[in-house]
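>>> Attaching a predicted model along with its sequence, questions to come.
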Amino acid sequence: MTSQKYSTLITIGELIRQKRKEKGLLLRQVAALLEIDQALLSKIERGERKATKQLIVKLSKIFGMNEKELLVQFFSDKIAYELADEDTAKEALKVAEQKVDYIKKKYQ
């Protein structure tokens, strides 16, 4: 089980901005390390664009963060945004959790 080190109430973009500022890094510095445009990183931080899994892995290394915990935040954002407007979101999440367990057992 992943520890709840990071707030579940902030987006992955907000977390990226928070960690960048804590490290004293400028937007352009992190963008250069990621080999992406500074404008793209800015949009990711503001939630206007979505990061990729590969970027999240790179960011975990840049910020010295636990990769698994950052990926949990990343995937939880993806799921939350996909289901946010659905009346059956919470029920779907419960069923999805059971399906994940089933699929893992089936293909291991």
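Structure's in. What do you need? Residues are numbered from 1 along each chain as shown.

>>> what's the spacing between stretch 50-70 and its chain's center?
Relative to the chain's own centre, stretch 50-70 is displaced by 8 Å; criterion: Cα atoms, centre = their mean, to the nearest Å.

>>> and if you look at stretch 84-94?
Counting by Cα atoms, centre = their mean, stretch 84-94 comes out at 19 Å from the chain centroid.

>>> quick one: Gly47 and Glu69, what's the gap?
Gly47 sits 20 Å away from Glu69, going by Cβ to Cβ, to the nearest Å. C-beta here means a position set from N, CA and C on the backbone, and glycine is covered the same way.

>>> Give me the number of neighbouring residues for the closest residue in space to Lys58 that isn't next to it in sequence.
Ranked by Cβ to Cβ, 6 or more residues apart in numbering and with sequence neighbours excluded, the top spatial neighbour of Lys58 is Leu34, at 5.6 Å. Around Leu34 sit 18 other residues, with neighbours defined as other Cβ atoms under 10 Å.

>>> for Leu25, same thing?
Applying other Cβ under 10 Å, I find that Leu25 has 16 neighbouring residues.

>>> Would you point out which residue is most central in this protein?
Centroid-nearest residue in the chain, with Cα atoms, centre = their mean: Phe74, separated by 1.7 Å.
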